[in-house]
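here are the coordinates; sequence isn't available:
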């Protein structure tokens, strides 16, 4: 179990980063011009409410004391009250997590289901027509603006074919899945492009490796060579690629939730910007940053778990 | 891995310009094409991009309006041509500010090392923890929507990649023979950094800046699409897509053409990045 020792000390490395995230979000909201209490409460604030906010955030104290108040509130699970929703931002956020999670995981799943066969096809027939077509897809996929791709898919699947809903989020499980197919597909296509390029390179390297030559020499059929030897080894770098791109995925979810009116955290962020609901903006930014840090941490553990050669 | 060349080798490259590199030629042609369109838009656009013709609303593409008209009767073709001015500006300024800041910071950190370097790396770790677009949106939330907010946010967030690239190069190059020679000749830090290290360290960043232009263009258009960048009635591709979204059942052309324009410019930049990388012998 020696190689898992980092699981114990790696979280310690997260502490300065999480600390930094809290400093940046704190500084961001405090750089809004004007009286913070009035800004945070919105234009229709009462003197009574302003006094309460001043006390809660210690706004009459020096800045570093205000930061400590901010941390204290954070540890009590309070991110500040949303102007629009009149409740604590953390409570607003919890109702918004599910659609965003479904969107991101659905997109990753679809992207993998697209990328693995495409990369395998491309690596198997390297230099042939199939390879060129797949490589064209992996180059072009990145150049498509997701918001436009989403609208084009709506035109195709909702307007012309009329098989999928244009926007929104369903009530029960099946309805939700039905609503999320298009948003997930929109996000999955550029991701599949990146993954395909990466997987193809990994598979080509794997196909040329000594172990594959050895397996072939033993007379095993190509399907077993692929499924048992080439694919598992090529997926390790793909896990890391997904983790590195999680920030890009989260950013994409913000745009795609706006295109499809999905009531997730991204849509909350955009609406928060328009309504000057700064506490919401701060809360969403903080949660997204922590999520991406955490996912990278989990990817590190997963990499070690699946590949004994890796030591951190 | 970057292929390192001495600073004077740069001048030899001009001779082989565009020779035998399809990606570079195609990319350069697309980007130059859009540049010409942007510069000559007032001359070649058949209509005023913000002129509203109440008698010609939602007309499908035809002889009078090659890309059709939108719900205000504005000519979509003219708006796409005029949009090139804004979207090229977004790609250019959105890359150049982060490039300059990042290259300077990276060079200083890599060259001097020590506390400056350590501090910088910690800041980079923290900024990298934030999803790029989320941090940009948070900054735009503070500054208020608009194109200038977009540029400021871009500069504040985008310099990271350039700083990391240049820093890693300078770390290697500062021990190279020519750098040691320059130091032993008694040149000052600024001269060694500016004249000897940076020209060599920056190649990778130049190639990266082309693929970065793709991301900047897509992000800029996305922010305008969300209504937080360019404001109406200005013709910009992202905002045109947003304005057409309400009419997709009846008038697909309002959203389709500006989107195709974005895709073509983005492809131009990525071909340019691939071709430039091959041409300069730089691999990311």
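Yep, that arrived. Remember, predicted model here, so these are calculated numbers, not experimental data.

OK, contacts around residue A:89?
Residue A:89 makes contacts with A:79-82, A:279-280, A:282-283, as judged by C-beta atoms under 8 Å, 6 or more residues apart in numbering or on different chains. In short, each C-beta sits where N, CA and C put it, glycine included.

among those residues, who's most crowded?
With neighbours taken as other C-beta atoms under 10 Å in any protein chain shown, the top of the contacts of residue A:89 is residue A:280, carrying 28 neighbours.

hmm, it is touching residue A:272, no?
Yes. Between residue A:280 and residue A:272 a contact is recorded at 3.5 Å, counting by C-beta atoms under 8 Å.

what residues are shared contacts of the two?
Common neighbours of residue A:280 and residue A:272 (C-beta under 8 Å, 6+ apart) are A:82, A:84.

elements contacting the helix or strand of chain A with the lowest mean pLDDT?
One helix or strand of chain A scores below all others by mean pLDDT, DSSP states H and E: helix A:36-41, with a mean of 74. Under the contact criterion of 3 or more C-beta pairs under 8 Å, 6 or more residues apart in numbering or on different chains; DSSP states H and E, helix A:36-41 touches helix A:6-30, helix A:47-57, helix A:278-306.

can you count the residues close to residue 231?
I went with chain A, as the question did not name one. Look at residue A:231: counted by other C-beta under 10 Å, it has 17 neighbours.

try again with chain B
Per other C-beta under 10 Å, the neighbour tally for residue B:231 reads 13.

and which of the contacts of residue A:89 is nearest to chain B?
Checking these against chain B by C-beta to the nearest C-beta gives residue A:282 as the nearest, at 7.6 Å.

tell me who's in contact with that closest one.
Counting by C-beta under 8 Å, 6+ apart, residue A:282 makes contact with A:25, A:28-29, A:79-80, A:89, B:138.

try it again at 7 Å.
For residue A:282, the contacting residues are A:25, A:28-29, A:79, by C-beta atoms under 7 Å, 6 or more residues apart in numbering or on different chains.

could you do residue A:66 as well?
Taking C-beta under 7 Å, 6+ apart, we find residue A:66 in contact with A:57-59.

any idea of the pLDDT on it?
Residue A:66 is assigned 82 on the pLDDT scale.

buried residues in the least confident helix or strand of chain A?
A:36-37, A:39-41 (16 or more other C-beta atoms under 10 Å in any protein chain shown).

where does the prediction get shaky in the stretch 151-284 of chain B?
Along the stretch 151-284 of chain B, segments meeting pLDDT under 70 span B:282-284.

residues in it within reach of chain A, list them.
The stretch 151-284 of chain B comes close to chain A at residues B:214, B:218, B:221-222, B:225-226, B:228, B:241, B:245, B:248-249, B:252, B:255, B:259, B:262-263, B:266-267, B:270, as judged by C-beta under 7 Å from any C-beta of the partner chain.

could you pull out the helices for the chain?
Unless you meant another one, I'm taking chain A. Counting by DSSP state H, one finds helices in chain A at the ranges A:6-30, A:36-41, A:47-57, A:63-75, A:89-124, A:129-140, A:146-154, A:173-207, A:210-217, A:222-224, A:231-244, A:246-259, A:265-274, A:278-306.

my question was about chain B
Ranges of helices in chain B, per DSSP H, are B:22-44, B:76-112, B:114-129, B:132-143, B:147-173, B:177-184, B:189-191, B:198-201, B:203-225, B:237-244, B:253-280.

got a list of contacts for the fourth one?
Judged by C-beta under 7 Å, 6+ apart, the contacts made with helix B:132-143 from elsewhere in the structure are A:28, A:31-32, A:247-248, A:250-251, A:254, A:269, A:273, A:278, A:281, A:285, A:288, B:149-150, B:152-154, B:156-157, B:219, B:223, B:228.
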